[in-house]
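Engineer: I would like to see how this sequence folds:
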Amino acid sequence: MFTIALNFEDGVSRFIQCNENEKVLDAAYRQKINLPMDCSDGVCGTCKCRCETGEFDLGDEYLEEALSDQERDGGLVLTCQMVPSSDCTIAVPMTSSMCKTGVDTFRTDVIAVENLSPSTIELHLHLSDRQGVAFLSGQYVNIQLPGTEITRAYSFSSTPGADRLSFLIRNVPNGLMSSWLSKRARPGDALTLTGPQGSFYLRAVTRPVLMLAGGTGLAPFLSMLRTLARGELSFPVHLVWGVNRDSDRVKLEELASLAQQIPLFSYRICVADSASTEQRKGYVTQHIDDGMLNDGDVDVYLCGPPPMVEAVMGYLQARALVPQNFYYEKFTPQAAGEAS
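Structural biologist: Take a look at the predicted model:
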């Protein structure tokens, strides 16, 4: 049995189980997700999606009018013909509501709230209504503020499938969620989460990877790196993480441990404050080496506040360098912390 991640164009992800020799379309319908289809015989092309990761067989019983060789070489598939031979990630060119599905809701209990620094809170949750949450490393969930309808979006820093979930949260002075976590949250308190969501997630590593993080934008990269530590890498992965002050540097022991566990992983930290004791001062764009960009044959992942995202985009444009793939998550005021 294989796990198939279906990513809809509205950012919602749903996960289904596909049996051996079962077609993805059949598995989805069996689990009450109505992927687009008209014929189910490889004739019309209505069920065309893009497979981003994973191994599969399409057979040869479909018409070229439904899926051309060029489309197939470009990663497009017909879900009515696609039989997975591994876990797969599929981008569906429709909203989740059009496929009669939506975000999942699950309940958790607070294990601990740790103030890692004046700017960073680490939240640990335990699933109270299921075992493990399926998501793609880099994705986020919406956490509901107890007693209200207000939600805030936070990226997982934990790995998919774990019963214990973790998040790095920016401690915003007088922020609604920050205040609740810092002043009122206690072990055993219940929290409702909805998701997972987001198109910012780790793809298969088929070339060098450059990860660029700002502040608590480190969270999705911790999830990605923890996932990478479970396998083997054939290409280098570099992380450049920028923070404002020395006190913002958190999870240093874990980063060092990950560098030991992942032979092809390296990282560097830079601090904007000129009075920092860190060796590298300034901003992320000042500490990207040419080798990390690999003449454009690189997958760039970027997560940080809007000024950082704009700065990185400007940096790449100034160098006339277009990465092979460029994935980014830009904080909104609510996603980065909380607007009061």
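Engineer: so what's the residue count around Glu310?
Structural biologist: A total of 12 residues lie near Glu310 under the criterion other CB atoms under 10 Å. In this view, the C-beta of every residue, glycine as well, is placed from N, C-alpha and C.
Engineer: right, I mislabeled it, should have said Pro306
Structural biologist: Neighbours of Pro306 using other CB under 10 Å come to 13.
Engineer: if we ignore the residues flanking it in sequence, what's nearest it?
Structural biologist: Lys330 (5.4 Å; CB to CB, 6 or more residues apart in numbering).
Engineer: which residues does Leu25 contact?
Structural biologist: Leu35, Met37, Ser40, Cys47, Thr79, Cys80, Met82 (CB atoms under 8 Å, 6 or more residues apart in numbering).
Engineer: and the nearest residue to the second one once chain neighbours are set aside, what is it in contact with?
Structural biologist: Of all residues beyond its chain neighbours, the one nearest Met37 is Cys47 (4.6 Å), with distances taken as CB to CB, 6+ apart. With contacts defined as CB under 8 Å, 6+ apart, Cys47 is in contact with Leu25, Leu35, Pro36, Met37, Asp38, Ser40, Leu78, Thr79, Cys80.
Engineer: report the secondary structure state of the fifth one.
Structural biologist: The reference is to Asp38. Assigned with DSSP: H, G, I helix; E, B strand; the rest coil, Asp38 falls in the coil class.
Engineer: tally of neighbours for it?
Structural biologist: Applying other CB under 10 Å, we find 11 residues neighbouring Asp38.
Engineer: now swap in the last one and tell me
Structural biologist: The number of residues packed around Cys80, counting by other CB under 10 Å, is 26.
Engineer: next, give phi and psi for it.
Structural biologist: The phi/psi pair for Cys80 (degrees, to the nearest 10) reads phi -80, psi -10.
Engineer: buried stuff in the top strand by length along the chain?
Structural biologist: Counting by DSSP state E, the longest strand found in the chain is strand 104-117. Residues of strand 104-117 classed as buried under the neighbour-count rule (16 or more other CB atoms under 10 Å) are Asp104, Phe106, Thr108, Val110, Ile111, Val113, Leu116, Ser117.
Engineer: and the furthest pair within those?
Structural biologist: Asp104 and Ser117 (31.9 Å; CB to CB).
Engineer: what is the longest strand of the chain packed up against?
Structural biologist: Contact here means 3 or more CB pairs under 8 Å, 6 or more residues apart in numbering; DSSP states H and E; on that basis strand 104-117 packs against strand 120-127, strand 164-170, strand 190-197.
Engineer: give me the angle between the next helix or strand after the first one and strand 190-197.
Structural biologist: If you walk from strand 120-127 toward the C-terminus, the next helix or strand you reach (DSSP states H and E) is strand 140-144. With axes from the mean of the first three to the mean of the last three CA atoms, to 10 degrees defining the directions, strand 140-144 sits at 150 degrees from strand 190-197.
Engineer: would you mark the buried spots in strand 140-144?
Structural biologist: By 16+ other CB under 10 Å, the buried positions in strand 140-144 come out as Tyr140, Val141, Asn142, Ile143, Gln144.
Engineer: and of those residues, the nearest to Leu218?
Structural biologist: Tyr140 (13.6 Å).
Engineer: how about that closest one: what's its closest non-neighbour residue?
Structural biologist: Using CB to CB, 6+ apart, the closest residue to Tyr140 is Ser155 (4.4 Å).
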